[in-house]
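> missing the sequence, but the structure's below:
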C-alpha cells in the first residue's frame, strides 16, 4: 500500500518533469524566436542593401556575406542560370575555399546544384559519402552542403550553395528554412534588379535611337552622316566595332564605306563580291543574319581578320534597302562583355538599318540636287564668259584657285561650300555690262570703267532674289574690295571685307594677270606671284595671300593652270 510519502514523491517527480518539459519547450520557442529574429534581421539588411543599389554584383556580394555570417559557414557561392542557355555562371564565391571553388568551374556542387536548379527544391546533406548524387571529390575537404534554389514565379534563376558549417556541425532543418526564406526574398530582389537593368537598357536604346535620328537629320553631307550614324549604332548595339558596306553598282562589289575601330583603314582595302563572306551573303539574299559564333560559320570571310589583325567572334549583319533594293549592309561585331546577341538585337539593328537607308537616300538626292545646281551655276557663268572671248575658263580657274587656297585656311565645310559658289558666280553681274564695253579691245574710258565697276553690285542684286544663296552674296559683292579701302563697290577695308571675298580677290587677280587681255599681254607666273606678294597689306589680306603662296609652293596653282588651259 502506497504511503502519503510515496504519493508526495510521485507528485514531486511529476512536477519536476513538467517543469523540465516546459524548460525544453521554452528553449525550443526561444530558439525559434532567435531564428525568426535572425531571419527578420537578415531580410531587413537585404532590403536595406537592395535600396542602396541595383548593381547586381554588389548586391550578391553583400547578400552572401550576410548569409555566411548568419548561418556560420566556411565557404559559400551563388550561381545564376542563363535563361537562354541554361548554363551556370559564378557570381559570388566567398570564404575559406572560394578560390578553389572557382577553379573547379561553374558546377562546383558535383551535380547537386544542377539537381536543385532543375527540381526547384532545396537540398542539404550531412554525409556526402552516403549521397548517390555526390559525383567526385573536390580539391578541398567537403563534409556537408546546403543548397537552395532562387525562384521567381516558379522559375529558378539561380542557386545558393553553402559548404561546411563552422565547428564541424551538421546543417540543421532550421538552417535550411532560414536559407530558403532568404532565397525567396533574394530571388525577388534579383528579378527586380534584372527588370531595372532591362528598363535601363531600353531607355538607353530609346535615347540612342533619338540621338541617331537627330544625327541622321542634322546634315545632308553623306560621309559625315554615315560616320556619325555608325558610331551611334555601335553604342546602341553595345558592340566592339561596327561597319557599313555600300554596294558598288558598277562592279557589284561591297565596299567598306565606314569601318570603325583602329583597324578601320586596313578593312577599307577589302572588297567583297555578292555572296562572298557573311556581308556578301546578306547583300545577295536581302535577309538579316545573326551569327553567334563566326568561327563555325563557313560563310565567314577569314581574310578580313587576317588583313586587319582583328578577331571576329560574333556578328549581326542586316541589309540596307532603298525601294526594296539592297544598297549595302550594316555589321555589328563582337557584343561587349562576352554576351551573346539576341533576336531582339537583330530586330533593333534591322530597324536601325531602315533609318540609315533613308539617310543615305536623302543624302544622295541632296548631292544630286546640289550637283545639278552647281552645274547650272557653272553653265550660267560660262555663258556669260562667252560674251568675252578673252576670259574663257576664267570662272573654272578662279574656283579651283580658291579651293586650293582653302586647304591652307581654317574653313568650315559650310564656308568652303559658300566659297565654291561665290567663286563660280563672282562675275555674274557682268550680264549687266554692255557688249561694247565688255568686248572692247582697247583701254576703257573712265565712264566705261565706272560701268564695269558696277558688276559686283549688280551680281549681288541678282542673287538677292534667291533665298538659298544669301550666304554667297557677300563674296560676290565684295570680291573687288582692297585692304587699303581703295576697292569697289563699297570701299571696305581690312577685316570688314568678308573672308570669302578676300580669297576670291587674290584668285581673280592672279588669273587676270596670267591671261591675255585686250589691252595687255599676260604676265609670267613667277612675276605675277611676286606682284601679289608685294601687294600684301595694301591690296590683299596677309593671311589669305600666305595661303595662296603655300598652294603655289606646293605646285597646286601651276597644276590648275595646266589642267584648265589644256
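Thanks, I have it. Small disclaimer: the values here were computed from a predicted structure and weren't measured.
> Any buried residues in stretch 546-561, and which?
Applying a neighbour-count criterion of 16 or more other CB atoms under 10 Å, one finds 546-552, 556-557, 560-561 buried in stretch 546-561. Where you see a C-beta, it was placed from the backbone N, CA and C, and this is true even at glycine.
> Residues in contact with that stretch: which ones?
Stretch 546-561 has contacts (CB atoms under 8 Å, 6 or more residues apart in numbering) with 397, 400-401, 404-409, 503, 506-507, 510, 514, 525, 529, 532-533.
> repeat that with 10 Å
Stretch 546-561 is contacted from outside by 393, 396-411, 503, 506-507, 509-511, 514-515, 525-526, 528-529, 532-533, 536, 540-541, using CB atoms under 10 Å, 6 or more residues apart in numbering.
> What's the ChimeraX line that selects buried ones from those residues?
Buried residues among the contacts of stretch 546-561 (16+ other CB under 10 Å), as a ChimeraX selection:
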select :396,397,398,399,400,401,402,403,404,405,406,408,409,411,503,506,507,509,510,511,514,515,528,529,532,536,540,541
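> Just the contacts of stretch 546-561: which are in helices?
396-406, 503, 506-507, 509-511, 525-526, 528-529, 532-533 (DSSP state H).
> ok so, going back, let's have the buried residues of stretch 546-561 in a markdown table, adding distance to residue 488.
Shown next, in a markdown table, are the buried residues of stretch 546-561 (distance: CB to CB, whole Å):
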| residue | distance to residue 488 |
| --- | --- |
| 546 | 25 |
| 547 | 24 |
| 548 | 22 |
| 549 | 26 |
| 550 | 28 |
| 551 | 26 |
| 552 | 27 |
| 556 | 29 |
| 557 | 26 |
| 560 | 27 |
| 561 | 27 |
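> Show me the protein divided up by domain.
54-196, 220-360, 386-565 (automatic domain parsing).
> tell me which of the buried residues of stretch 546-561 is nearest to residue 85?
Of all the buried residues of stretch 546-561, residue 85 sits closest to residue 556, with 60.8 Å by CB to CB.
> how near is that closest one to residue 409?
13 Å (CB to CB, to the nearest Å).
> Also residue 189?
For residue 189, the distance to residue 409 - CB to CB - is 61 Å.
> likewise residue 195?
Taking CB to CB, one finds residue 195 at 55 Å from residue 409.
> Pull the number of nearby residues for the closest residue in space to residue 224 that isn't next to it in sequence.
Of all residues not flanking residue 224 in the chain, residue 413 sits nearest, at 7.9 Å (CB to CB, 6 or more residues apart in numbering). For residue 413, the neighbour count with other CB atoms under 10 Å is 10.
> Distance check, residue 413 against residue 560.
21 Å.
> Let me see the contact set for residue 402.
Applying CB under 10 Å, 6+ apart to residue 402 gives the contacts 416, 419-420, 422-424, 426, 475, 500, 503-504, 506-508, 544, 548, 551.
> In helices only, show me those residues.
Going by DSSP H, the helices hold 416, 419-420, 422-424, 475, 500, 503-504, 506-508, 544, 548, 551 from these.
> Sort out which one of those residues lies nearest residue 356 for me.
Distances from residue 356 to the ones in helices among the contacts of residue 402, taken as CB to CB, are shortest for residue 416 (25.7 Å).
> Quick check: the closest one vs residue 64, distance?
With the distance defined as CB to CB, residue 416 ends up 62 Å from residue 64.
> These two: who's more crowded?
Using other CB under 10 Å as the criterion, residue 416 and residue 64 rank with residue 64 on top: 22 against 16.
> Residue 445 - how many residues pack around it?
So residue 445, with other CB under 10 Å, has 11 neighbours.
> For it, list the residues it contacts.
So residue 445 contacts 437, 451 (CB under 10 Å, 6+ apart).
> ok, so what distance separates residue 501 from residue 373?
Distance from residue 501 to residue 373, by CB to CB: 21 Å.
> neighbour count winner among the two?
residue 501 (25 against 13).
> Now the phi/psi pair for the nearest residue in space to the more buried one that is not next to it in sequence, please.
Nearest residue to residue 501, sequence neighbours excluded (CB to CB, 6+ apart): residue 478, at 3.7 Å. Dihedral angles of residue 478 (phi, psi; degrees, to the nearest 10) stand at phi -110, psi 20.
> what does residue 315 give?
According to degrees, to the nearest 10, residue 315 has phi -160, psi 140.
> quick one: the closest residue to it other than its chain neighbours from residue 257, how far?
Distances taken as CB to CB, 6+ apart put residue 291 closest to residue 315, at 4.7 Å, once the chain neighbours are dropped. Residue 291 sits 21 Å away from residue 257, going by CB to CB.
> Over to residue 402?
29 Å.
> now swap in residue 499 and tell me
Counting by CB to CB, the gap from residue 499 to residue 257 is 33 Å.
> Thought residue 318 was touching residue 346, still the case?
Yes. Between residue 346 and residue 318 a contact is recorded at 7.2 Å, counting by CB atoms under 10 Å.
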